[in-house]
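A.B. asks: quick one: sequence plus predicted model below, questions after.
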Amino acid sequence: MYSAFKHRLLTASLALAAAVGAPPPALAQSYPIDCAILLCLAGGWPASVPCARARAEFIRRITPWPVEPPLQIWRCPMGAAFDRPSPLSPMERLYDIAFREEREIAGTGQSAAADLTLVQAQERADIDISDDAFDFVRSIRVYHIQFSQHQNRDGDCIRSDATRLGSYGLQGDYAWARSSVAAVPDASDLAIPPHCSSYSWRSVFVDWRDHAGNYGSEEVRY
């Protein structure tokens, strides 16, 4: 069943290699969606109903306003998946958190969601993700592009560039920094004309590389 895409998640003391398959379409993604985004992004967004929903949420978050981190890894309780005793492997448990409907845990009377709400309060992953297996998280870049140019009566070129870059730190923490249109990847539809022709562009462009290094991007213009 776990065979549609492969990836590894490593902690300082645990190395895993597991295959994760797309669940049957009848199963609805329910809790929590950031685990689904994490798994689907790592696997290159494989075709499935849960991954389609995860990608839609990923894109919704960069649709103004406000512009949010597209992956909020601190909302995915990976510590619960990796640390708690379970008949499932840690990878299968994380998959279970992301894609299974809430259900009663045998013999406890508690729901799966209630069992897995221990997410670190700080906005970073709740396990160590400094290993290069998580480079796909740190590859995500969000460009909030706000650019305009025009020529005034004196022939001067007046440009305004308020572009910002959102990126992820070593442990999945997210931060904004000043940037410029010069840093925006070619995959964006941004096309500044030569000779200071009048031009205005506002969009949010996000790109990433999946666990295998394959490039992907999306852009929302507004």
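C.D. replies: Happy to help now that I have it.

A.B. asks: and the longest helix for this protein?
C.D. replies: helix 49-60 (DSSP state H).

A.B. asks: show me which residues of that helix are buried.
C.D. replies: Counting neighbours by 16 or more other Cβ atoms under 10 Å, one finds that the buried residues in helix 49-60 are 49, 50, 51, 53, 54, 55, 57, 58. In this view, the C-beta of every residue, glycine as well, is placed from N, C-alpha and C.

A.B. asks: check which helix or strand the nearest residue to the third one once chain neighbours are set aside maps to.
C.D. replies: In other words, residue 51. Leaving aside its sequence neighbours, residue 51 sits nearest to residue 40 (Cβ to Cβ, 6 or more residues apart in numbering; 3.9 Å). For residue 40, the element it lies in under DSSP states H and E is helix 33-42.

A.B. asks: can I get that helix as CSV, trimmed to CA atoms?
C.D. replies: Provided in CSV are the C-alpha atoms of helix 33-42 (Å, rounded to 0.1, in the frame of the first residue of the first chain):
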residue,chain,number,x,y,z
ILE,A,33,-3.2,19.0,6.7
ASP,A,34,0.4,20.1,7.3
CYS,A,35,1.5,16.5,7.6
ALA,A,36,-0.2,15.8,4.3
ILE,A,37,1.6,18.8,2.7
LEU,A,38,4.9,17.6,4.1
LEU,A,39,4.5,14.1,2.7
CYS,A,40,3.0,15.1,-0.6
LEU,A,41,5.6,17.8,-1.2
ALA,A,42,8.4,15.3,-0.4
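
A.B. asks: mind giving me the packing neighbours of it?
C.D. replies: strand 5-7, helix 49-60, helix 90-99, helix 135-138 (3 or more Cβ pairs under 8 Å, 6 or more residues apart in numbering; DSSP states H and E).

A.B. asks: what comes into contact with the last one?
C.D. replies: This means helix 135-138. Defining contact as Cβ atoms under 8 Å, 6 or more residues apart in numbering, one finds that helix 135-138 is touched by 7, 38, 41-42, 71, 73, 125, 129, 167-170, 172, 208-211.
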